[in-house]
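> how would this look folded up:
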Amino acid sequence: MDYSMNSAGVCTPCIREYETDITTDMPRGTVVALSAGKVVKATDSSSVLGITSHDYVAERDELIPCSGNGRVKVVVSPGTLCRMERPSFTVTEAGTATTVKAAGISAPSASNAFAGGYVKLVSKKENSTNTDNVGIARKITASSGTTLTLEAGGTPCAGDVYEIILPAGFEYLALSDDSRFFNVASSKSTIAKVVADLPESGYAEVCFTKTFFN
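Predicted coordinates for the structure are as follows:
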């Protein structure tokens, strides 16, 4: 996760230093919370404090200032908006001119959860017969589980790779095991949702809905 701005449009983050008992390295952009007054990695039930503003190195290293000091700096700007990589998938079975199956995605069962978003062709397998050019984004008009209905275009072939551009307001998210980004999930998140994700932006922007400042 990378800080983008806060909801008031302020691009300079507010950063505060906290104690932590974490004994393993914690990369910049890790989503964190507070427990007993100290920073811990957040979970899907946490009240989010913010994201780490630097790489926290748990073991003392003379070449890395502040390493091993048990303190970490956190972006705590209320209304923080963060950028993250979009989910992607590799097609495992050919689609049609208007459908593609998002293989390997933990998709919500709710109908049309992805409607209003897009799929963007990232790469094509050698000898793919998909007539779309790499970089083409096609609107998702409906969805049922991992089956996405698209505006008419090329037929996705096995081995083609797509990004999913999530619709604004999308809430079916789950924090990754290392607390550094959100995956698409089968149920709604209680701590985050998508704020904006446009085909030309190159990233998804999310906000935290359950925070220390609420």
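> the helices in this structure, which residues?
For the chain, no helices are identified by DSSP state H.
> now the farthest one out in it, which residue is it?
Here the centre of the chain is the reference, and by Cα atoms, centre = their mean the most remote residue is residue 62, at 33.8 Å.
> pLDDT score assigned to that one?
With respect to pLDDT, residue 62 scores 81.
> again with residue 2
Per-residue confidence (pLDDT) for residue 2: 96.
> OK, contacts around residue 55?
Contacts for residue 55 (Cβ atoms under 8 Å, 6 or more residues apart in numbering) come out as 25-28. Any C-beta I mention is one placed from the backbone N, CA and C, and that applies to glycine too.
> what mean pLDDT would you report for the lengthiest strand in the chain?
In the chain, ranked by residue count with DSSP state E as the criterion, the top strand is strand 137-144. Per-residue pLDDT values across strand 137-144 average out to 97.
> got the buried residues for it?
Buried residues in strand 137-144, counted by 16 or more other Cβ atoms under 10 Å: 137-143.
> Reformat those residues as CSV; add distance to residue 84.
Converted to CSV, the buried residues of strand 137-144 look like this (distance: Cβ to Cβ, whole Å):
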residue, distance to residue 84
137, 18
138, 22
139, 22
140, 19
141, 25
142, 25
143, 21
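> what's the distance between the residue farthest from the centre of the chain and residue 68?
10 Å (Cβ to Cβ, to the nearest Å).
> Next: residue 126.
Applying Cβ to Cβ to residue 126 and residue 68 gives a distance of 48 Å.
> Also residue 86?
35 Å.
> With residue 9 instead?
Counting by Cβ to Cβ, the gap from residue 9 to residue 68 is 37 Å.
> Give the residue from the two that has the larger number of neighbours.
Between residue 9 and residue 68, counted using other Cβ atoms under 10 Å, residue 68 has the larger neighbour count: 13 against 8.
> show me the contacts for that one.
By Cβ under 8 Å, 6+ apart, the neighbours of residue 68 are 57-61.
> Kindly recompute the last result at 10 Å.
Residue 68 makes contact with 56-62 under the criterion Cβ atoms under 10 Å, 6 or more residues apart in numbering.
> C-alpha coordinates for stretch 119-136, PDB please?
Coordinates of each C-alpha in stretch 119-136 appear next as PDB, following Å, rounded to 0.1, in the frame of the first residue of the first chain:
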ATOM      1  CA  VAL A 119     -11.100  -6.100 -17.200                       C
ATOM      2  CA  LYS A 120      -7.900  -4.900 -18.800                       C
ATOM      3  CA  LEU A 121      -5.800  -7.200 -21.000                       C
ATOM      4  CA  VAL A 122      -2.300  -7.300 -19.700                       C
ATOM      5  CA  SER A 123      -0.700  -9.900 -21.900                       C
ATOM      6  CA  LYS A 124      -1.600 -12.600 -24.400                       C
ATOM      7  CA  LYS A 125      -0.200 -16.100 -24.600                       C
ATOM      8  CA  GLU A 126       1.800 -16.800 -27.700                       C
ATOM      9  CA  ASN A 127      -0.600 -17.900 -30.500                       C
ATOM     10  CA  SER A 128      -3.600 -16.500 -28.700                       C
ATOM     11  CA  THR A 129      -6.500 -15.800 -31.100                       C
ATOM     12  CA  ASN A 130      -7.800 -13.000 -28.900                       C
ATOM     13  CA  THR A 131      -8.400 -10.000 -31.200                       C
ATOM     14  CA  ASP A 132      -8.200  -7.400 -28.400                       C
ATOM     15  CA  ASN A 133      -4.900  -5.400 -28.200                       C
ATOM     16  CA  VAL A 134      -2.900  -5.500 -25.000                       C
ATOM     17  CA  GLY A 135      -4.000  -2.600 -22.800                       C
ATOM     18  CA  ILE A 136      -7.600  -2.700 -23.900                       C
END
